[in-house]
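Peer 1: My questions are about this predicted structure, shown below with the sequence.
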Amino acid sequence: PGMCLRARRQNRANPSGEKSMSQLHVTTTINGDQTEYLCDAEETLLDVLRDRLQMTGSKEGCGTGDCGACTIILDGRPVCSCLVLGAEAQGRSVETIEGMADGEDLHPLQRHFLSGAALQCGICTPGILVAAKALLAQNANPSETEIRYWLAGNLCRCTGYDKIIRAVQSAAAEMRGETH
């Protein structure tokens, strides 16, 4: 209790405290780009993204897969990157919040989150956006109940969920070509 997340991550990656002598070479696709990195066998994909690749959009909220702040898309499915080892990304496709916008052009979900004030502190927002993107890739016209069910693994302490649900519904409508 009281141990900071960084210390927990360091202890989790190397519980014995000894310096790792061998690292694993991983080749994967991240946000459409072929990427290679070295990681320790026990290192989570979240730690690889944040600490080795400087992709800090995914957040560690809990380190146990309960909050969804670290959600990424792995081979088309949303997963908590704190529960996936970095080595498990070998040969797979990874999508993160950093790959959501197209340059300066925000994804419709990002635009609707901003215009609908569906975010506050920003800790949960990347994970919710990535999870919502995965939902809309599978279901272009989800009901409110389907959105709530899909995002149930993403916790937000600041906004409540109504603005988030409305932002997802508005983005889905825009992506279907409907106007408001």
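Peer 2: That came through, no problem.

Peer 1: What does residue 26 show for phi and psi?
Peer 2: The phi and psi values for residue 26, taken as degrees, to the nearest 10, are phi -120, psi 130.

Peer 1: tell me the contacts of it?
Peer 2: By CB atoms under 8 Å, 6 or more residues apart in numbering, the residues touching residue 26 are 36-39, 48, 86-87, 89-90. Bear in mind the C-beta positions are built from the backbone N, C-alpha and C, glycine included.

Peer 1: does residue 133 count as helix, strand or coil?
Peer 2: Following DSSP: H, G, I helix; E, B strand; the rest coil, the label given to residue 133 is helix.

Peer 1: For it, grab the count of nearby residues.
Peer 2: Using other CB atoms under 10 Å, residue 133 has 22 other residues around it.

Peer 1: do you know how far it is from residue 64?
Peer 2: Going from residue 133 to residue 64 by CB to CB, to the nearest Å gives 23 Å.

Peer 1: Then residue 103?
Peer 2: Taking CB to CB, one finds residue 103 at 35 Å from residue 64.

Peer 1: more neighbours, those two?
Peer 2: A count of neighbours by other CB under 10 Å puts residue 64 above the other of residue 103 and residue 64, at 10 against 5.

Peer 1: Helix, strand, or coil at the residue nearest to that one when sequence neighbours are not counted?
Peer 2: Distance criterion CB to CB, 6 or more residues apart in numbering; nearest residue to residue 64, sequence neighbours excluded, is residue 82 at 7.1 Å. Assigned state for residue 82: helix (three-state reduction, three-state DSSP).

Peer 1: Alright, that wraps it up for me.
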